[in-house]
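K.L.:
please find the sequence and the predicted model below.
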Amino acid sequence: MNSPRPRLFSSSPEVRLVGLSGAMRLVEEDIASAARSDAKVLLTGETGVGKELVAHAIHQRSIRANGPMITVNCAGLPDSLLESELFGHARGSFTGAYRDKPGLLEMAPKGTVFLDEVGEMSIRMQVVLLRFLETGEIQRVGADRSHTRVDVRLITATNRDLQVQIAAGAFREDLYFRLNVIRLQIPPLRERAEDIPLIAEHYLDSFSARHRVARSPFSPAAMEALVSYRWPGNVRELKNVLERVVLKSNGQPIQPSDLPSEVFRSLAQSARGAEPAASASHEPSTAEVLAAKMMQGGESFWSAVYPLFMARDITRADLRGVILIGLRHTNGNYRLLTQVFNMPETNYKRFLSFLRKHECHLPFQRFRVAPAQMPATPPVKAAVGH
Ligand SMILES: Nc1ncnc2c1ncn2[C@@H]1O[C@H](COP(=O)(O)OP(=O)(O)OP(=O)(O)O)[C@@H](O)[C@H]1O
Ligand SMILES: [Mg+2]
């Protein structure tokens, strides 16, 4: 019990909830109505959706704004320590308890206590919390009667489904009813995808300023990748990705290949979803995205494809897919392919030996189709001799 005191206070971040989607507007309305009342609030939603941010917003917009806000993470502490942190302890209640110590609930008079990850609390702690909620009285660990009453507002949060926890016997239903007076459910980021560009621009600005780097704009394809990705870690994940992107940026527009591979791949998946079913089954979607970056976006093979392949971010099948698409456009002409993939003519040999070395040199004969069978899309540039 003499271990260093865990960090339980979270300094108030500047509460700025970015987002203009219908879902975020509803969250803003819920925050406003929760701030007008003094009832307990239960915040639910996946990890990283902004539950803690919303808790701060409610506190800061409530009449308790001038009082303290104390955050306690229920998952971070062993049971006995959590109880003594919340309720305090009496002198002599355990070895090393040399004097009475107030708990955090007593240290937030006329303020707000935010119990984060409340779904992780043990059943025994749930009973202790329930007793406090019923009486409003604090009983310090080791004391034989209640010590004082406190005036705090309780906000709790969890990313667990408490109904499931209740059914499994891991969460007390009576406690759930106590906590769930105002329920505020924050939807995952993928269900409010129109907020992604706003949040991305917001963090691009703030990280560029913080790290003192020139702000690089997003290319349309990079933004499309951000919007089509599922973001299992929600806003926290998006924020982390942007910090990494900013740290690597060089003032040039941010390309999909500057994004983590799982984000970048989502672009390929969405491209596959958007294309006609007839062709969808043939070509690997990552290949189509890369081909488009070169053939429509003007990027060079050496910057759009080569580094991804060498870093094993794309597979040999992806690379073959890229070559396949290109050869379809050039009617099987490799020399023309260097032009289509935006390489100087002098790179022709280097390009071919790279493809051969990695077994991606596809036989060109199969693309030499008779004019009548030519694909509907005309070659990108006029064919020249092979
Ligand atoms: N709408 C938003 N606008 C700007 N930043 C946001 C928004 N929502 C969340 N964030 C930021 O994303 C990060 C994660 O938010 P927060 O910690 O509130 O999530 P959480 O739901 O409490 O996650 P967990 O369940 O993992 O504890 C924080 O840095 C927060 O500032
Ligand atoms: Mg949290």
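P.N.:
It's in. Ligands and ions are numbered 1, 2, ... in the order given.
K.L.:
switch to C-alpha atoms for all contacts and neighbour counts from now on
P.N.:
Will do.
K.L.:
skip ahead from the helix or strand of the chain with the lowest mean pLDDT and say which helix or strand is next.
P.N.:
Using mean pLDDT, DSSP states H and E, helix 277-280 stands out as the lowest-scoring helix or strand of the chain, at a mean of 42. Using DSSP states H and E, the helix or strand that follows helix 277-280 towards the C-terminus is helix 285-295.
K.L.:
just how off-centre is that following helix within its chain?
P.N.:
Helix 285-295 sits 26 Å away from the centroid of its parent chain (Cα atoms, centre = their mean, to the nearest Å).
K.L.:
ditto for stretch 163-170
P.N.:
Mean-position distance between stretch 163-170 and its chain equals 27 Å (Cα atoms, centre = their mean).
K.L.:
go on, stretch 66-83?
P.N.:
Worked out by Cα atoms, centre = their mean, stretch 66-83 lies 25 Å from the chain centre.
K.L.:
for Val113, grab phi and psi.
P.N.:
Per-residue torsions, Val113: phi -110, psi 130 (degrees, to the nearest 10).
K.L.:
quick one: secondary structure of the residue of the stretch 201-350 of the chain at minimum distance from ligand 1?
P.N.:
Distances between the stretch 201-350 of the chain and ligand 1 by Cα to the nearest ligand atom are smallest at Arg236, namely 4.0 Å. Using DSSP: H, G, I helix; E, B strand; the rest coil, the three-state assignment for Arg236 comes out as helix.
K.L.:
what is the burial count for the nearest residue to it once chain neighbours are set aside?
P.N.:
Spatial nearest neighbour of Arg236, chain neighbours left out: Gly48 (4.9 Å); criterion: Cα to Cα, 6 or more residues apart in numbering. Gly48 sits with 20 neighbouring residues when counted by other Cα atoms under 10 Å.
K.L.:
helix/strand/coil for Gly48?
P.N.:
Under the three-state scheme (three-state DSSP), Gly48 adopts coil.
K.L.:
show me the contacts for it.
P.N.:
Neighbouring residues of Gly48 by Cα atoms under 8 Å, 6 or more residues apart in numbering: 233-237.
K.L.:
where's it relative to Arg178, distance?
P.N.:
For Gly48, the distance to Arg178 equals 25 Å [Cα to Cα, to the nearest Å].
K.L.:
got phi/psi on Gly142?
P.N.:
Dihedral angles (degrees, to the nearest 10) for Gly142: phi 90, psi -10.
K.L.:
wait, it sits on His89?
P.N.:
Yes: applying Cα atoms under 8 Å as the test, Gly142 and His89 come out as touching, 6.1 Å apart.
K.L.:
between those two, which one's more packed in?
P.N.:
Shown here are Gly142 and His89; by other Cα under 10 Å, His89 has more neighbours (23 against 16).
K.L.:
residues in contact with the strand or helix carrying Asn240?
P.N.:
Asn240 belongs to helix 234-248 when assigned by DSSP H and E. Contact with helix 234-248 is made by 46-50, 188-190, 199-200, 203-204, 207-208, 211, 213, 215-216, 231, 254, 258-260, as judged by Cα under 8 Å, 6+ apart.
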